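K.L.:
need the 3D shape of this:
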Amino acid sequence: MLLSKNDPFFRFMDETFNVLHAPHNHMNENEDNYSLKLLVPGLCREDFNIEVEDNVLTVTHEKKEDREDVFIRSFTKSYTLPDDIILKKIVATVVNGVLTLTIPKDKKKTNYRSIPIT
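P.N.:
Residues are numbered from 1 along each chain as shown. You can find the predicted model right below:
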């Protein structure tokens, strides 16, 4: 017997284990910025809410019930940002099913020091 998406068991499992539907993500860093990429096929920019509060970046997606073509469920993912960022210059784009956030570094705030071994 196959279960439909509307079956109570399927809905319970889906809501209980929603973490399985959160998008895969990849974080990268180079000299000038941090980059966060989330795999979000079928979603567009209107499907997201992105906020930063107290150096915590939060990406939220609320699935609209009328969109049966989207297989990603509602999710919220939060990332603690380092202190060396330029908050006002964060850029987000969605291209070919990938949400990319580019988070520029403020080189003046960098607390880097090389420690020699004696």
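K.L.:
what's near enough to touch residue 85?
P.N.:
34, 55, 103, 104, 105, 106, 109 (C-beta atoms under 8 Å, 6 or more residues apart in numbering). All C-beta spots, glycine's among them, are computed from the backbone N, C-alpha and C.
K.L.:
please redo it, this time with the cut-off set to 10 Å
P.N.:
Counting by C-beta atoms under 10 Å, 6 or more residues apart in numbering, residue 85 touches 33, 34, 52, 55, 57, 103, 104, 105, 106, 109.
K.L.:
which pair in the residues you listed has the greatest spatial separation?
P.N.:
57 and 109 (16.7 Å; C-beta to C-beta).
K.L.:
who has more neighbours out of the two?
P.N.:
Higher neighbour count among residue 57 and residue 109: residue 57, with 21 against 11, using other C-beta atoms under 10 Å.
K.L.:
is residue 46 in contact with residue 62, as I believe?
P.N.:
No: the pair residue 46 / residue 62 is not scored as a contact, 11.0 Å apart, by C-beta atoms under 10 Å.
K.L.:
and the two? which has more neighbours close in?
P.N.:
Each of residue 46 and residue 62 has its neighbours counted (other C-beta under 10 Å); residue 62 has more, 12 against 8.
K.L.:
now the more buried one: closest residue in space, sequence neighbours ignored.
P.N.:
residue 74 (4.9 Å; C-beta to C-beta, 6 or more residues apart in numbering).
K.L.:
state the distance from the one you found to residue 64.
P.N.:
9 Å (C-beta to C-beta, to the nearest Å).
K.L.:
go through stretch 89-103 and flag the buried ones.
P.N.:
Neighbour-count burial for stretch 89-103, counted by 16 or more other C-beta atoms under 10 Å, picks out 90, 94, 99, 101, 103.
K.L.:
now, the most widely separated pair of the residues you listed?
P.N.:
94 and 103 (16.0 Å).
K.L.:
the chain: helices as residue ranges?
P.N.:
8-16 (DSSP state H).
K.L.:
perfect, that will be all.
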